[in-house]
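Participant: build the 3D model from these lines:
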Amino acid sequence: MSKATLTIDLQAIANNWRALDRMTGAETGAVVKADSYGLGAARVATALAEAGARQFFVALAEEGVALRQALGEGPVINVFSGHMAGDAEAISGATLTPMVNSTEQLLRQLETLPGHGFGIQLDSGMNRLGMEPAEWAALRDIALSQNPSLIMSHLACSDEPEHEMNDAQLRSFHEMTQGIDVPRSLSATGGILLGSDYHFDVTRPGIGLYGGRPFTDARPVVTLDVPVIQTRNVTPGETVGYGNTWTAEGTVKLATVAAGYADGLQRAMGNAIGAASFQHNGISLPIVGRVSMDLITVDVSALDEVPTTLQLLGPKQGVDDLADWAGTIGYEMLTSLGARYARTYAE
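Facilitator: As a prediction, the model looks like this:
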């Protein structure tokens, strides 16, 4: 095959969910938005449901409809974007639970879907989604009279345990929900790791399920094996790739592999400080020259024999390593992995 193979370990995802679930006394949900961070929401959510997850979170109503088709009746599917104009049919038909973010959304929910379940998102300081304290104070009694299923907020800096924003948002969330007899949710993966004060009734792990920081004990989830198209020797002074950005200082054996930025492998990884590399049998093989649309060149001089594939993601090297080389975060690397891969699932 000329396509790279992306293998997704569903058992590792399930085990990561179980590990995060054991850290709390709360119900543990699962964030499967953006097609489970690019790994296939239908397959991933089904594996998580089999592991015990009963609440799922998506970004858009359209994602929720597709997820309902995969999961069937029973699991709760919460929609972070709430009730947008035109969503009523999807919310009702797929039995979705919108996380209402504003006065406008609350009115839309009550007018178009009276009696249909919903949750509420509060802004505890991130200034992104949710009702701010004054808006919530004005609507609180009306909203609570409709029996919302969940009240949630989201932490801005939970991947930095010492950041003062964590305590500030925790205090704000307590103040806005004091005396309310409704399940509450504040923590995604980072919040779970902050400790029991942040756990409340429902947690919403996302990146930790898929093997990313800040859950450093997560089991690796994805491997990416990329075919070698051609090998060659370059001599001292020869350059490689667009822009002549890499020059051989000695005789070097190069392999050209079949992947590039069209596959979500960012151009910034080429000639990266910190030696972005492929792996083979525990040997690191540095990327040289620029990452181009479909091709990457790799220094394989350390190998006696060049294999048919080289591994970019695996047990020795995860999405956060790639993110560090590209100057971004593991979330972006995962969700950028392209559609051109041959995807396989390990049960």
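Participant: quick one: low-confidence ranges for the stretch 151-300 of the chain?
Facilitator: For the stretch 151-300 of the chain, the stretches with pLDDT under 70 are 272-274.
Participant: can you give me the strands in it?
Facilitator: For the stretch 151-300 of the chain, the strands defined by DSSP state E, counting those that start in this stretch occupy 151-152, 184-185, 202-203, 222-234, 239-240, 246-247, 252-257, 277-280, 283-288, 296-299.
Participant: in terms of secondary structure, what does the fifth one contact?
Facilitator: It refers to strand 239-240. Counting contacts by 3 or more CB pairs under 8 Å, 6 or more residues apart in numbering; DSSP states H and E, strand 239-240 is packed against strand 246-247. Where you see a C-beta, it was placed from the backbone N, CA and C, and this is true even at glycine.
Participant: ok, and the closest non-adjacent residue to Leu337?
Facilitator: Distances taken as CB to CB, 6 or more residues apart in numbering put Gly264 closest to Leu337, at 4.4 Å, once the chain neighbours are dropped.
Participant: circling back to that earlier point, in TSV, list the strands of the stretch 151-300 of the chain along with mean neighbour count and distance to Ala323.
Facilitator: TSV is the format used below for the strands of the stretch 151-300 of the chain (neighbours: other CB atoms under 10 Å; distance: least, CB to CB, whole Å):
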stretch	mean neighbour count	distance to Ala323
strand 151-152	27	27
strand 184-185	23	27
strand 202-203	25	24
strand 222-234	18	13
strand 239-240	18	24
strand 246-247	18	22
strand 252-257	21	20
strand 277-280	22	14
strand 283-288	19	15
strand 296-299	25	17
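Participant: nearest to Ser145, out of the ones you listed?
Facilitator: Ser145 sits nearest to strand 151-152 of all these, at 13.9 Å, using CB to CB.
Participant: and the closest one, which strands flank it?
Facilitator: strand 119-121 (parallel), strand 184-185 (parallel) (DSSP bridges).
Participant: need the contact partners of that strand.
Facilitator: By CB atoms under 8 Å, 6 or more residues apart in numbering, the surrounding residues in contact with strand 151-152 are 99, 119-122, 177, 180, 182-186, 202, 204.
Participant: mind picking the two most distant members of those residues?
Facilitator: Maximum pairwise distance among the contacts of strand 151-152 (CB to CB): 18.5 Å, between Ile180 and Arg204.
Participant: if you count what's nearby, which of the two comes out ahead?
Facilitator: Higher neighbour count among Ile180 and Arg204: Arg204, with 24 against 14, using other CB atoms under 10 Å.
Participant: and the more buried one, what does it touch?
Facilitator: So Arg204 contacts Gly29, Ala30, Val31, Phe57, Met152, Ser185, Ser187, Ala188 (CB under 8 Å, 6+ apart).
Participant: change it to 6 Å
Facilitator: Counting by CB atoms under 6 Å, 6 or more residues apart in numbering, Arg204 makes contact with Gly29, Val31, Phe57, Ser185, Ala188.
Participant: in space, what's closest to Leu193 - neighbours in sequence excluded?
Facilitator: Nearest one to Leu193, counting by CB to CB, 6+ apart, is Pro214 at 5.9 Å.
Participant: any chance of the contacts of strand 151-152 in a markdown table, plus distance to Gln230?
Facilitator: Formatted as a markdown table, these follow (distance: CB to CB, whole Å):
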| residue | distance to Gln230 |
| --- | --- |
| Met99 | 51 |
| Gly119 | 54 |
| Ile120 | 57 |
| Gln121 | 52 |
| Leu122 | 56 |
| Thr177 | 61 |
| Ile180 | 64 |
| Val182 | 61 |
| Pro183 | 57 |
| Arg184 | 57 |
| Ser185 | 52 |
| Leu186 | 52 |
| Val202 | 52 |
| Arg204 | 46 |
